[in-house]
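Colleague: Sequence and predicted structure below; questions after.
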Amino acid sequence: MLFRRLFDKYKPIVRFNTRVLSIDYQGPVIRLKTTNGVYSAKKVISSLPLGILKAGRVQFIPHLPEPYQDAINSIGMGN
């Protein structure tokens, strides 16, 4: 129910099937560079797959903190 209300409220700015190239979160505004352009936001909810994070296919600016990177690298992937 809560998720549905949030989704309905923010549906106009949800982007599906858009490859994220970089996430710049070093300032007060987050900038996402994608295959469909650049987006700016105060907050971002991301659902990047673990395989994408492990492969480093999305550039984080600045780099993710070491504990986050360690956690990503230590999680195993199943079939």
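Modeller: Thanks, I have it.
Colleague: Nearest residue to the middle of the chain?
Modeller: By Cα atoms, centre = their mean, the chain has its centre lying nearest to residue 46, at 3.5 Å.
Colleague: So what touches stretch 20-33?
Modeller: Stretch 20-33 is contacted by residues 34-35, 38-44, 46, 48, 58-62 when judged by Cβ atoms under 8 Å, 6 or more residues apart in numbering. Where C-beta positions appear, they are placed from N, C-alpha and C, glycine not excepted.
Colleague: circling back to that earlier point, roughly how far does the residue nearest to the centre of the chain sit from residue 2?
Modeller: 19 Å (Cβ to Cβ, to the nearest Å).
Colleague: picking that back up, can you turn the buried part of the contacts of stretch 20-33 into a PyMOL selection?
Modeller: Buried residues among the contacts of stretch 20-33 (16 or more other Cβ atoms under 10 Å), as a PyMOL selection:
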select buried, resi 58+60
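Colleague: Inside strands: which ones of the contacts of stretch 20-33?
Modeller: 34, 38-41, 59-61 (DSSP state E).
Colleague: out of those, who's nearest residue 8?
Modeller: Taking Cβ to Cβ as the measure, residue 8 sits nearest to residue 41 out of the ones in strands among the contacts of stretch 20-33, at 18.1 Å.
Colleague: how near is that closest one to residue 4?
Modeller: Residue 41 is 21 Å from residue 4, by Cβ to Cβ.
Colleague: who touches residue 50 in this structure?
Modeller: If you count contacts by Cβ under 8 Å, 6+ apart, then residue 50 has 72, 75, 77 around it.
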